[in-house]
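S.K.: Below is the sequence, then the predicted model.
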Amino acid sequence: MEPSRAPDCHGGPLARQLVAPLLRREAVGSTHHVLTFELDRPLEAEPGQFAMVRGAAWGSSPFLPRPMSLLEAGKTPSILVKVVGEGTRRLATASPGELFTFHAPLGRGWSPCPADRTPVLVAGGVGVCPLLFLARSLASLGREPIALYGGRTACELPLDGALGRVAELRIATEDGSSGETGLVTRLLEQVLRDTNGRVKAFVCGPRRMMAAVAGMCRDAGALCEVSLEAVMGCGFGACLGCAVPRAGGGYLYACSQGPCVDGFAVDWGR
Amino acid sequence: MEPSRAPDCHGGPLARQLVAPLLRREAVGSTHHVLTFELDRPLEAEPGQFAMVRGAAWGSSPFLPRPMSLLEAGKTPSILVKVVGEGTRRLATASPGELFTFHAPLGRGWSPCPADRTPVLVAGGVGVCPLLFLARSLASLGREPIALYGGRTACELPLDGALGRVAELRIATEDGSSGETGLVTRLLEQVLRDTNGRVKAFVCGPRRMMAAVAGMCRDAGALCEVSLEAVMGCGFGACLGCAVPRAGGGYLYACSQGPCVDGFAVDWGR
Amino acid sequence: MACDPRVTLGPLVLRNPVLTASGTFGYGLEFEPYFDVASLGGICTKGLSLLPRVGNPPPRLCETASGMLNAIGLANVGVDAFCADKLPHLRARGITVIANLFATSVEDFAALARRLESEEGIAALEVNISCPNVDKGGIAFGVDPVMAATVTAAVKKASRRPVWIKLSPEAGRIAEIACACEEAGADALCAINTIRGLAVDPETWEPRLANRTGGLSGPAIKPIALRMVWEVARAVKIPVVGIGGIASADDAIEFLLVGASAVQVGSASFRDPCAPREVLEGMLRYGERRGMNLRDLVGKARL
Amino acid sequence: MACDPRVTLGPLVLRNPVLTASGTFGYGLEFEPYFDVASLGGICTKGLSLLPRVGNPPPRLCETASGMLNAIGLANVGVDAFCADKLPHLRARGITVIANLFATSVEDFAALARRLESEEGIAALEVNISCPNVDKGGIAFGVDPVMAATVTAAVKKASRRPVWIKLSPEAGRIAEIACACEEAGADALCAINTIRGLAVDPETWEPRLANRTGGLSGPAIKPIALRMVWEVARAVKIPVVGIGGIASADDAIEFLLVGASAVQVGSASFRDPCAPREVLEGMLRYGERRGMNLRDLVGKARL
Ligand SMILES: Cc1cc2nc3c(=O)[nH]c(=O)nc-3n(C[C@H](O)[C@H](O)[C@H](O)COP(=O)(O)OP(=O)(O)OC[C@H]3O[C@@H](n4cnc5c(N)ncnc54)[C@H](O)[C@@H]3O)c2cc1C
Ligand SMILES: Cc1cc2nc3c(=O)[nH]c(=O)nc-3n(C[C@H](O)[C@H](O)[C@H](O)COP(=O)(O)OP(=O)(O)OC[C@H]3O[C@@H](n4cnc5c(N)ncnc54)[C@H](O)[C@@H]3O)c2cc1C
Ligand SMILES: Cc1cc2nc3c(=O)[nH]c(=O)nc-3n(C[C@H](O)[C@H](O)[C@H](O)COP(=O)(O)O)c2cc1C
Ligand SMILES: Cc1cc2nc3c(=O)[nH]c(=O)nc-3n(C[C@H](O)[C@H](O)[C@H](O)COP(=O)(O)O)c2cc1C
Ligand code: FES
Ligand code: FES
């Protein structure tokens, strides 16, 4: 049967779940790993979309697949993994050839940046993934994004080099081990001032950081899009597990209405 | 603290559980694998003893370790694995370097063969493991064991070559693809006749085979020792899961009173 | 050899015994990219209530050993939006739809059933008297035989459709509730819903779910579910639908063997959206290998 | 920073809150090669009955997702042999012993308690009114508040020792049973015992256990156990001992946070005989890192 599209499904390429071997795993610093998979046919995906990834031999535990932002699409898509628990630990110790279920592309990617707005990418830690993909895409369109990248310390800025190649990169660390000392919002403050708010911020990082950035953008008249963070069950709208409080009441679903949503559509207070 | 021995614990070396990497895995035919582990100090073990083996990264499922007869002791002990379910499948796909918990030596090994009895090893399928270890040990003592080895087909006779080097090997297969056509009991019949029953049979294989062999030995006045088969929880007497009906009522515990027990001590009918 | 996959659930003949469990399969349409949903025995919709419900605050999910806890709180679009936006598509695709109903009073359960009377393309009603994640209704009906019977009778009266009652694993004696529902006219019984559990973050001391407790599902609960389905199937004459941790054809066959006439695949669809199809295909292979119709496996365990 | 590991369970002060669960630690001596058992808070013996019991026919165990089913059937050497052959060794080694008791009548429970009165080296009695694997006794007492209270009162009367009642997860409302036992004089409550489950071999159609059903234990049940321990701890004033799927220090800390004063490590000891010691060491590190005494974690979850 030719797969048909659910009526309220967003546009973009249809998701497939397939079994794919790990092609290679590269350590990035001590706690991050880039995993590259080998697909049978190229994955079409937009920056900001994600994959649900799971070891084919995990058995019944860990049970659920793990949402991971796509770093790039194509025949050998990759993800960046930060070890925080059992699932990411297993990803970070996988050997080439190990089989994974790879379910992608999922969710809504970033929406376009209006021509009259400078794209400003605001990244925290592994939040860099969907933004690196976006930066590459913007660069290929001839746009010149500014990237603001923050973390506690220099080790928490994976892929900063790659980001610097496709964007004008500014860094902030809390301990001052790289770039400016302080939070990434300090960098944003300056950009908003310099540009008089004529920017669109694309934001992915810890919730508190995204909340702060959204607030600053609102005040400055800037546009703001964020990539939502939520524990996910299915990744495609079936479980209603990935709720995020919506401005005005009710919930947004990170996997089907996001992960990329208007930063002002989120109720950051609840 | 110096480990002390439980009061009703049998003699022999004390068991240790340690984490050991897989040194190598060799396929033996299409469904069997010999796994060799690398210990920090040599394992002392007797033929017939076993190990509880489990992947250190298995998490909570499969939950229990798997009992596996020792093929040999020393600094690089090995086991022979036949794939029957999830645990053995994982063992059979492990890569060198993967860490395992290795809990050994456990249980009671084979008891000595009286000087006036010919040792006759009766093996079915993976039952060959504790018998190959025994055959090597007997051979090193200058005894000349006879080994009777049976299976449905030639592929189900792993390690027949190794066994043939340390024992006088006779084979029976149900489909006649190797050795005599028929059951291993046919071979035993002849040995019992030729020796007038002056043998001690050491038996490890499917329950039905062990029951038949025990019956034949009893009739012929031969001694008979079997290696019990049971689903095990702990492997060292703590769960009482590995019960096997005892002649005269009650149960034997395969892990602590066995696995090697007098074949006439088992109630094969219940 | 031939294997007839069809099963009979009281007045209903299903294409095959593989359904999807409510709340784990969205409204069915989410799975269209993955396989032909109409090839299944049927789908149970997300729990429908008279009015839309936004559900519980997040976090709503957490993972546990071989399973997961959820406290979705019966978020749903409401029965009207379901009939307007979802049902026509399901009907057009030839999908067998079981409408899963949730209410906080006997009257509302009956009203829901009546509301659906005029809609075409609903094969049966599955009445959820066992949701552990809402303050009112749900499980309160499911642990008391009198309440369970009252709801059953009210829905039966309000609808000409087959009425399935979804039982709670938290009744001390599930067979007692099952018998009460049978007597009150239920056409089939579904067992089990999730089992209430709790998880706490040892670092923050916060519960991992905003609702504190949530329902445990997945392979972890399969042995408990299988035991309960066996208890229910032995106690009643009406058909039983088995649910709980089913992730493979072997799992599903275990449920048939202990007396279930059909099964529902739940959380396994999160791990693999094609899980229901794979369960079905594996069951067909099993039936063909043995030259048996799937319905002939029902109750065959040597128990 | 300093961390005092001691905990108080009613009249009893334990070295630390890590005990071993009955039936999963033999008579304690089996673990001597692995670590110093006396360093634990205590061990609960295999269930002791007045007369020796041979237990159920095999198979007695089967593995399930993140857990296992067992139907040992309370095989044990009997109370006399325990006192003669095991207890002197346990005493000599300084191991804190909790004697787990099983009987099929109130009188026999009392007789067991009396039998142990003259023995030294028993810190408390743990009364198993929740074994799912025997025909008579066990769970029947555990699902009925009146029966539970009767057993509690009888054992209390027969013994000067602290009496712990081990609760069944299969009572519809576990808190109700808990309160009944508290009123009847129990010194502490232990929760939970295993949950009855079933597994069938899809090829042979035989149950995987000769006893048909068995008790589910292991990480699979942890979320259910944690919820029940929370419910019990909220309902009573006496201390609660948490049991169910504990395999790591984090697991144990979760149980303390929801209100358990101590924990028991069960099936995890099969996977790793040193599990109880590792749970304890991890808890000590946790306490030291936070500069807290372990008893100060009890009930601290933000629930
Ligand atoms: C759309 C999306 C894209 C993501 N992209 C990436 C990525 O590119 N790289 C990356 O390393 N991580 C990414 N994450 C986060 C990643 O999915 C989680 O870190 C992972 O699921 C944790 O699994 P675990 O088994 O290691 O941890 P667990 O043992 O499951 O949990 C460890 C801790 O992490 C928390 N946690 C679990 N899941 C999530 C989640 N989905 N979001 C936030 N916290 C969670 C838990 O509450 C717990 O405190 C993304 C998440 C989403 C929703
Ligand atoms: C003392 C002893 C020594 C053993 N030595 C070896 C050996 O050297 N090589 C080897 O390949 N196997 C050996 N076994 C058998 C081996 O332990 C089982 O095959 C293994 O535990 C199955 O695990 P699994 O996860 O692959 O199968 P599961 O998925 O757990 O089960 C698959 C099937 O095997 C049956 N089974 C499970 N465990 C056992 C068991 N312990 N005994 C018999 N049947 C079982 C189950 O009932 C089921 O039908 C030995 C068993 C014992 C008791
Ligand atoms: C995320 C989630 C949502 C659920 N929502 C409902 C629901 O709305 N109505 C209902 O009757 N059951 C609901 N359930 C219960 C399932 O239908 C099923 O009974 C349970 O998950 C056990 O099956 P499983 O182990 O295969 O998941 C839900 C389960 C999950 C995991
Ligand atoms: C093999 C086995 C035997 C058990 N025997 C007893 C027993 O004799 N008495 C008792 O009160 N509980 C018994 N239990 C229950 C455990 O003490 C414990 O309550 C249960 O296993 C849950 O803990 P766990 O998940 O950590 O194993 C037994 C459990 C297992 C697995
Ligand atoms: S993760 Fe399941 S609906 Fe979003
Ligand atoms: S396997 Fe536990 S007692 Fe033998």
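M.R.: Okay, I see it. Ligands and ions are numbered 1, 2, ... in the order given.

S.K.: all contacts plus neighbour counts: C-alpha atoms, from now on.
M.R.: Will do.

S.K.: Just list whatever residues bridge to A:Ala104.
M.R.: A:Ala104 forms beta bridges with A:Arg16, as assigned by DSSP bridges.

S.K.: pretty sure it contacts A:Arg16?
M.R.: Yes - contact criterion Cα atoms under 8 Å: A:Ala104 and A:Arg16 qualify, at 5.7 Å.

S.K.: Settle it for me: which of these two has more neighbours?
M.R.: For the pair A:Ala104 and A:Arg16, the greater number of neighbours falls to A:Ala104 (27 against 16), based on other Cα atoms under 10 Å in any protein chain shown.

S.K.: Contact partners for that one?
M.R.: A:Ala104 is in contact with A:15-17, A:43, A:45, A:50-52, counting by Cα atoms under 8 Å, 6 or more residues apart in numbering or on different chains.

S.K.: what about 6 Å?
M.R.: When contacts are counted by Cα atoms under 6 Å, 6 or more residues apart in numbering or on different chains, A:Ala104 is found next to A:15-16, A:51.

S.K.: got a markdown table for those, with distance to C:Lys300 too?
M.R.: A markdown table is the format used below for those (distance: Cα to Cα, whole Å):
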| residue | distance to C:Lys300 |
| --- | --- |
| A:Ala15 | 40 |
| A:Arg16 | 38 |
| A:Ala51 | 42 |
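
S.K.: now the closest residue in space to C:Gly23 that isn't next to it in sequence: how far from ligand 4?
M.R.: Computed as Cα to Cα, 6 or more residues apart in numbering or on different chains, the closest residue to C:Gly23 that is not its neighbour in sequence is C:Lys46, at 4.3 Å. According to Cα to the nearest ligand atom, to the nearest Å, C:Lys46 stands 32 Å off from ligand 4.

S.K.: Then A:Gly269?
M.R.: For A:Gly269, the distance to ligand 4 - Cα to the nearest ligand atom - is 39 Å.

S.K.: Kindly report the same for C:Cys3.
M.R.: 40 Å.

S.K.: Residue 161: neighbouring residues, count only.
M.R.: I'll assume chain A. 10.

S.K.: I was thinking of chain C, sorry if that wasn't clear
M.R.: Counted with other Cα under 10 Å, C:Arg161 comes out at 19.

S.K.: And for A:Thr93?
M.R.: If you count neighbours by other Cα under 10 Å, A:Thr93 ends up with 12.

S.K.: tell me the strands in chain C, going along the chain?
M.R.: Remark: strands assigned in chain C by DSSP state E are C:7-9, C:12-14, C:18-20, C:42-44, C:61-64, C:67-70, C:97-101, C:124-128, C:163-166, C:188-191, C:195-197, C:214-217, C:240-243, C:262-265.

S.K.: mean confidence score for the helix or strand containing A:Thr101?
M.R.: A:Thr101 belongs to strand A:99-106 when assigned by DSSP states H and E. Across strand A:99-106, pLDDT averages out at 96.

S.K.: Centre of the chain to that strand, how far?
M.R.: 16 Å (Cα atoms, centre = their mean, to the nearest Å).

S.K.: what packs against the very next helix or strand once past that strand?
M.R.: Sequence order places strand A:118-124 as the next helix or strand after strand A:99-106, per DSSP H and E. Counting contacts by 3 or more Cα pairs under 6 Å, 6 or more residues apart in numbering or on different chains; DSSP states H and E, strand A:118-124 is packed against strand A:146-151, strand A:199-204.

S.K.: what do you get if the cut-off is 8 Å, keeping everything else the same?
M.R.: Secondary-structure packing of strand A:118-124 (3 or more Cα pairs under 8 Å, 6 or more residues apart in numbering or on different chains; DSSP states H and E): helix A:128-140, strand A:146-151, helix A:184-195, strand A:199-204.

S.K.: how about the helices in chain A?
M.R.: A:86-92, A:128-140, A:160-166, A:184-195, A:207-220 (DSSP state H).

S.K.: burial count for residue 218?
M.R.: I went with chain A, as the question did not name one. Using other Cα under 10 Å, A:Arg218 is surrounded by 14 other residues.

S.K.: wrong one, I was asking about chain C
M.R.: For C:Gly218, the number of neighbouring residues by other Cα under 10 Å comes to 28.

S.K.: which ones are touching it?
M.R.: Contacts for C:Gly218 were tallied using Cα under 8 Å, 6+ apart; they are C:66-68, C:244-246, C:266-268.

S.K.: could I get stretch A:188-196 in CSV with only the CA atoms?
M.R.: These are the backbone C-alpha positions of stretch A:188-196, laid out as CSV (Å, rounded to 0.1, in the frame of the first residue of the first chain):
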residue,chain,number,x,y,z
LEU,A,188,22.1,37.9,22.9
GLU,A,189,21.6,41.1,24.7
GLN,A,190,24.3,42.7,22.7
VAL,A,191,23.0,41.3,19.4
LEU,A,192,19.5,42.5,20.1
ARG,A,193,20.9,45.9,20.9
ASP,A,194,23.2,46.1,17.8
THR,A,195,20.4,44.9,15.5
ASN,A,196,17.6,46.9,17.1
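
S.K.: Which residue ranges of the stretch 51-200 of chain C form helices?
M.R.: Under the criterion DSSP state H, counting those that start in this stretch, the stretch 51-200 of chain C contains helices at C:79-81, C:87-92, C:106-117, C:139-142, C:145-158, C:174-183.
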